[in-house]
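J.: Any chance you can model this:
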Amino acid sequence: MFRIFTDISFLAMEKLTPHEEATMIAIWKVGPGFIKDFIPALYPIRLPYTTLASTIKNLEKKGYLKSERIANAYRYSAKVKEAEYKKRSVNGVVDSFFQNSYKELVAFFAKENKISKEDLKEIIDLIDKDEK
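T.: Prediction:
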C-alpha cells in the first residue's frame, strides 16, 4: 500500500547520493562554513576540493543548502535540519520496505541479531516514559 504524503516539501526533495549525504553530515557537524571548513569533517572520506565544491553546489540546487556571499567566497549552511532528514529517510525506508510498520522494522533487526533484548527493554522504557 502506498502512503499519501501531506508534506509536499518531502516530495520536492531529491534523494541524496552517498557523497552528498556524507557532505551533509559534515555540514551539520561543522555548522555554517566555507568549503575548506568541511574537508576535515569528511574524514575518512577524502574528496578533492573541486569534487566537494561540486557536491556542495548540487546540494544547494537540490534545496539542502543555502549560500551567502562573503567577499570572494561563499559560506554554506544547511537549509534542511539533520533531524528532519533522518525522519524523512527512516520514514521512507519503513514505508518502502516494511509496509509502513515500525513493528516490522524492529522485528527485522531482532531476527538479524542487530538489536538485543536489553536494547528492546530500553526502547520500551522510553515509550513508557513518553506516555506518562
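J.: any weak-confidence spans in this protein?
T.: 1-13 (pLDDT under 70).
J.: Wait, a helix at S77?
T.: No. With DSSP: H, G, I helix; E, B strand; the rest coil as the criterion, S77 is assigned strand and is not in a helix.
J.: and this structure, what are its domains?
T.: Following automatic domain parsing, one finds the domains of the chain at 8-78, 82-131.
J.: could you pull out the helices for the protein?
T.: Assigned by DSSP state H, the helices in the chain fall at 8-12, 18-30, 35-38, 49-61, 82-97, 102-111, 117-131.
J.: Relative to R75, which of these is closest?
T.: R75 sits nearest to helix 35-38 of all the helices of the chain, at 8.8 Å, using CB to CB. For glycine as for every other residue, the C-beta is placed from the backbone atoms N, C-alpha and C.
J.: got a list of contacts for that closest one?
T.: By CB atoms under 8 Å, 6 or more residues apart in numbering, the list of residues contacting helix 35-38 from outside reads T23, A26, I27, V30, Y49, L52, A53, I56, Y74, Y76.
J.: So what's the residue count around the fourth one?
T.: For V30, the tally of surrounding residues (other CB atoms under 10 Å) stands at 18.
J.: Contacts only, for it.
T.: Per CB under 8 Å, 6+ apart, neighbours of V30: D37, F38, A41.
J.: Dump the C-alpha coordinates for stretch 23-39 into PDB.
T.: Provided in PDB are the C-alpha atoms of stretch 23-39 (Å, rounded to 0.1, in the frame of the first residue of the first chain):
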ATOM      1  CA  THR A  23      28.800  16.100   2.900                       C
ATOM      2  CA  MET A  24      25.500  17.000   4.600                       C
ATOM      3  CA  ILE A  25      26.600  15.100   7.700                       C
ATOM      4  CA  ALA A  26      29.900  17.100   7.700                       C
ATOM      5  CA  ILE A  27      28.000  20.400   7.300                       C
ATOM      6  CA  TRP A  28      25.600  19.500  10.100                       C
ATOM      7  CA  LYS A  29      28.600  18.700  12.300                       C
ATOM      8  CA  VAL A  30      30.600  21.800  11.400                       C
ATOM      9  CA  GLY A  31      27.800  24.300  11.100                       C
ATOM     10  CA  PRO A  32      27.900  27.200   8.600                       C
ATOM     11  CA  GLY A  33      31.200  27.400   6.900                       C
ATOM     12  CA  PHE A  34      33.300  27.600   3.700                       C
ATOM     13  CA  ILE A  35      34.200  24.600   1.600                       C
ATOM     14  CA  LYS A  36      37.600  24.300   3.200                       C
ATOM     15  CA  ASP A  37      35.900  24.000   6.700                       C
ATOM     16  CA  PHE A  38      34.100  20.900   5.700                       C
ATOM     17  CA  ILE A  39      37.100  18.900   4.400                       C
END
